[in-house]
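1. Quick one, structure for this:
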Amino acid sequence: MSGLSRTEATALGVVATLTLLAGVARYAHGFSESVAFVLAALALAGQAWVVGFATEQLGMRFGPAITGTLQSTVGNLPEFFVVVFALQARATTVAETAILGSILVNALLVLGLVLVVGALRAPTGIMRFSPRLPNDTATLTLAASFLIVLLGVVNFSHNSADLHTRTISVVGAVVLLVVYGTWMRGYLRSDERPAAEQLEPPRIGLAASAVLLVAAGVGSAFVSDWFVHALEPTIRAWHLSQAFAGIVIVAIAGNAVENVAGIYLAYKGKSDLAISVVKNSVAQLAAFLYPALVLVSLLTASSLTFALAPVYVAALLGTAIMMWQITGDGEATPFEGVALIAMYVVLAVIAAFET
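-> Here you go, the predicted structure:
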């Protein structure tokens with residue numbers, strides 16, 4: 001890995017150290033649950049960065065569609081493991097809010113920051129990008145929202161369908177996966193390398209990138225287990241709500257890849273690639289990872305469904321509409337980015353007061 005910069009090599013060393021310390025805090029005596037939680041959260045964010053870096057090096061050989069898809073797919077591994085371990089620990093609220101929080105943190109906070117940075121860096125003060133992916137992402141998120149809203153109405157009305165929430169969720173998960181697969185097939189086929197933002201050559205070889213990716217994927221699985229183990233005691237010790245832990249803490253720690261990569265690419269002026277990384281993550285979380293976890297939960301100690309609390313049903317639907325309205329025209333201003341960030345702040349405050 002001689003192509004690594006000094007900063008990247010140092011960062012890899014820091015991640016390895018954090019992961020080791022998180023493992024020691026999990027199994028050794030003498031560490032408080034709060035310390036174990038903080039170390040696990042930092043290690044989880046670090047593993048997410050390694051996954052993102054390795055995927056970026058692999059993806060530099062392709063255009064923005066494939067690169068963004070690859071980075072988002074593997075970058076969502078931490079969220080997948082956190083939700084699975086939470087379901088196995090019967091922490092259903094944490095599992096639900098973690099996956100929902102990941103969607104909202106990317107669609108509101110991260111996308112908002114990307115739009116602010118990208119617009120401020122643009123000579124005209126307006127960030128411009130291809131409108132296809134934002135519109136497709138809004139469609140996929142609205143499709144998931146349609147199912148969630150319907151189940152919310154069913155649960156609120158307490159009719160006979162209310163008794164079959166899990167079955168409806170399983171069928172809905174399969175349908176959403178079919179929709180996502182159909183979209184992904186056409187999206188990847190349309191990939192082109194824009195002349196205005198040529199991708200940089202990879203700094204490390206294919207084999208080294210693959211080794212890093214596998215190591216970070218395995219590391220994410222272990223760290224996610226340690227993170228969930230320390231989460232419940234820390235929530236009680238810090239007097240946090242489970243909703244706040246899922247919507248804010250878990251979501252931000254698990255989405256470190258999109259947090260850093262999208263903002264950095266926007267700063268570098270690579271608008272289409274920045275939007276691709278963030279928007280692909282939103283689409284995958286809403287129409288792929290969430291339904292996939294619903295199916296995986298059939299094998300865990302507790303089940304995951306699309307039935308959510310009314311406030312989060314409204315938040316998801318409102319987010320999908322705002323994404324479509326703000327990015328559907330292929331351009332954005334700092335004001336629009338700030339509006340998205342503000343909506344996430346409001347949601348975080350609401351989650352903090354949830355019991």
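2. how about the strands of the stretch 101-250 of the chain, start to end?
-> Per DSSP state E, counting those that start in this stretch, the stretch 101-250 of the chain carries strands over the ranges 127-128.
3. Tell me which stretches of it form helices.
-> With DSSP state H, counting those that start in this stretch, the ranges of helices along the stretch 101-250 of the chain come out as 111-121, 132-157, 165-189, 206-238, 242-244.
4. For Val74, which of the ones you listed is the nearest?
-> Taking C-beta to C-beta, helix 206-238 is the member of the helices of the stretch 101-250 of the chain nearest to Val74, at 6.4 Å. The way it works is simple: take the backbone N, C-alpha and C, and place the C-beta from them, glycine included.
5. just checking, Leu113 touches Ala261?
-> No. Judged on C-beta atoms under 8 Å, Leu113 makes no contact with Ala261 at a distance of 11.6 Å.
6. Which of the two has more residues huddled nearby?
-> Taking other C-beta atoms under 10 Å, Leu113 and Ala261 do not tie; Ala261 has more neighbours (27 against 20).
7. Apart from its neighbours in sequence, what residue is nearest Tyr267?
-> In this structure, Tyr267 finds its nearest non-sequential neighbour in Val117, 5.3 Å apart by C-beta to C-beta, 6 or more residues apart in numbering.
8. pretty sure that neighbour is touching Ile263, no?
-> Yes. Judged on C-beta under 8 Å, Val117 makes contact with Ile263 at a distance of 5.5 Å.
9. tell me which residues in stretch 181-189 are buried?
-> Neighbour-count burial for stretch 181-189, counted by 16 or more other C-beta atoms under 10 Å, picks out 183-184, 187.
10. Kindly reformat these as JSON lines containing pLDDT and distance to Ala36.
-> Formatted as JSON lines, the buried residues of stretch 181-189 follow (pLDDT from 0 to 100; distance: C-beta to C-beta, whole Å):
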{"residue": "Trp183", "pLDDT": "91", "distance to Ala36": "40"}
{"residue": "Met184", "pLDDT": "89", "distance to Ala36": "38"}
{"residue": "Tyr187", "pLDDT": "82", "distance to Ala36": "41"}
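11. Can you tell me which of these is nearest Pro123?
-> Pro123 lies nearest to Tyr187 out of these, by C-beta to C-beta, at 29.3 Å.
12. Now do the contacts for that closest one.
-> 65, 69, 133, 136 (C-beta atoms under 8 Å, 6 or more residues apart in numbering).
13. now swap in Ala243 and tell me
-> Taking C-beta under 8 Å, 6+ apart as the test, what Ala243 contacts is 93, 97, 351-352, 354.
14. any idea how far the residue lying closest to Ser145 once chain neighbours are set aside lies from Leu163?
-> Among residues not flanking Ser145 along the chain, Leu317 sits closest, at 4.6 Å (C-beta to C-beta, 6+ apart). Going from Leu317 to Leu163 by C-beta to C-beta, to the nearest Å gives 24 Å.
15. more neighbours, the two?
-> A direct count of neighbours by other C-beta under 10 Å for Leu317 and Leu163 places Leu317 higher, at 18 against 10.
16. hmm, who's touching stretch 337-348?
-> By C-beta under 8 Å, 6+ apart, the residues outside stretch 337-348 that reach it are 104-105, 107-109, 111-117, 119, 244, 247-248, 315, 318-319, 322, 326.
17. Return it as PDB; C-alpha atoms alone will do.
-> Extracted in PDB, the C-alpha atoms of stretch 337-348 (Å, rounded to 0.1, in the frame of the first residue of the first chain):
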ATOM      1  CA  GLY A 337     -29.100  22.900   2.000                       C
ATOM      2  CA  VAL A 338     -29.700  24.800   5.200                       C
ATOM      3  CA  ALA A 339     -33.400  24.000   5.100                       C
ATOM      4  CA  LEU A 340     -32.600  20.300   5.000                       C
ATOM      5  CA  ILE A 341     -30.200  20.600   7.900                       C
ATOM      6  CA  ALA A 342     -32.800  22.500   9.900                       C
ATOM      7  CA  MET A 343     -35.400  19.800   9.400                       C
ATOM      8  CA  TYR A 344     -33.000  17.200  10.800                       C
ATOM      9  CA  VAL A 345     -32.300  19.400  13.900                       C
ATOM     10  CA  VAL A 346     -36.000  19.600  14.500                       C
ATOM     11  CA  LEU A 347     -36.400  15.800  14.200                       C
ATOM     12  CA  ALA A 348     -33.500  15.200  16.500                       C
END
